[in-house]
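Have a look; sequence and predicted model below, questions after that.
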Amino acid sequence: MGKTIKYAFVRSIPIMAGYIVLGTGFGILLDAGGYGPIWALAMSVFIYAGSMQYVAVDLLTGGANLITVGLTTLMVNARHLFYSISMVESYKDLGKLKPYTIFGLTDEVYSIVCDVDDKGLPEGVEKNRYCFFLSAFCQSYWIIGSLIGSILGGAVTYDFAGIEFSMTALFVAAFVEQWGAVKNHIPAITGVGVTLICLIIWGPASFLIPAMIGITIVLTVCKRLGFIGDTLQDDKSGGEANV
């Protein structure tokens with residue numbers, strides 16, 4: 001197990017840098033909204049939904065009702081429905097580790113697990129425990145960052161305006177990494193293209209759900225036509241890409 005834990009930690013290091021910074025930004029914003037370290041800890045332990053936690057700060061400070069919170073959460077985190085569907089095969093043998101590992105499936109963890117499915121694991125590394133520890137390490141980084149930000153927000157006088165853009169920067173970094181990791185770019189181009197069209201038609205407040213529906217339809221058609229395959233990543237021998 002030691003080799004598995006060590007490998008999971010090494011693979012999580014790139015995420016650590018981003019999550020501590022992003023978590024710190026969240027903690028600072030939360031403190032500015034009047035919610036201290038206990039709130040930061042609780043939200044990062046039980047919610048653990050990076051971008052949604054940023055949005056939740058505005059919902060909390062704005063006194064949003066439960067319906068608004070529910071709909072907003074659905075729109076912001078709708079992409080995880082598609083993540084989970086594509087990970088059914090990878091996570092099928094996790095046993096008792098499955099509930100938490102599914103809970104800890106973030107955008108960045110998804111990217112790394114996809115890379116594992118493509119390249120395989122070193123000898124002696126157990127995939128089930130690797131996926132579990134990878135998720136656990138990454139959440140711990142987010143929790144640490146949140147607490148640091150919450151404490152700094154109350155102790156340091158500084159203009160942190162614009163720090164929320166760090167989440168967007170991480171999404172861009174993940175997209176670029178995935179672009180370089182696969183040969184078939186139809187899914188990526190579809191995601192960007194459909195999203196831009198929906199953004200133009202419905203505007204920034206309402207484009208997310210139509211975009212997710214549109215992406216699903218286009219990728220389903222492409223899959224039936226044979227433009228993309230069934231694997232999560234490009235098959236190095238066959239050139240199939242993820243859906």
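Alright, I've got the coordinates.

Can I get stretch 77-87 as CSV, trimmed to CA atoms?
Only the C-alpha atoms of stretch 77-87 are listed here, as CSV (Å, rounded to 0.1, in the frame of the first residue of the first chain):
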residue,chain,number,x,y,z
ASN,A,77,-22.1,21.1,-11.2
ALA,A,78,-24.1,19.6,-14.1
ARG,A,79,-20.8,18.5,-15.8
HIS,A,80,-20.3,16.0,-13.0
LEU,A,81,-23.2,13.9,-14.3
PHE,A,82,-21.2,13.3,-17.4
TYR,A,83,-18.0,12.7,-15.5
SER,A,84,-19.7,10.0,-13.4
ILE,A,85,-21.2,8.2,-16.4
SER,A,86,-17.8,8.0,-18.1
MET,A,87,-16.2,6.7,-14.9
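
That stretch: which residues count as buried?
The neighbour-count criterion (16 or more other Cβ atoms under 10 Å) identifies 77, 79-80, 83, 86-87 as the buried residues of stretch 77-87. Yep, even glycine has a C-beta here, placed from its N, CA and C like the rest.

Where helices are concerned, which of those count?
Counting by DSSP state H, the members of the buried residues of stretch 77-87 that fall within helices are 77, 79-80, 83, 86.

Now name the helix or strand holding Pro122.
Assigned by DSSP states H and E, Pro122 falls within no helix or strand.

I'd say it and Tyr7 touch.
Yes - if you go by Cβ atoms under 8 Å, Pro122 and Tyr7 touch, sitting 6.4 Å apart.

Show me what the longest helix seen in the chain is packed up against.
Counting residues, the longest helix in the chain under DSSP H turns out to be helix 2-32. If contacts are counted by 3 or more Cβ pairs under 8 Å, 6 or more residues apart in numbering; DSSP states H and E, helix 2-32 sits against helix 37-46, helix 50-62, helix 107-119, helix 127-155, helix 165-181.

will you turn the ones in helices among the buried residues of stretch 77-87 into TSV that also has pLDDT and distance to Gly193?
Shown next, in TSV, are those (pLDDT from 0 to 100; distance: Cβ to Cβ, whole Å):
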residue	pLDDT	distance to Gly193
Asn77	79	22
Arg79	72	16
His80	77	21
Tyr83	73	20
Ser86	75	20
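
what two of those have the greatest distance between them?
By the measure Cβ to Cβ, Asn77 and Ser86 form the most distant pair in those, at 15.5 Å.

and the angle from the helix or strand hosting Leu196 to helix 79-86?
Using DSSP H and E, the element containing Leu196 is helix 186-202. For helix 186-202 against helix 79-86, the angle by axes from the mean of the first three to the mean of the last three Cα atoms, to 10 degrees is 150 degrees.
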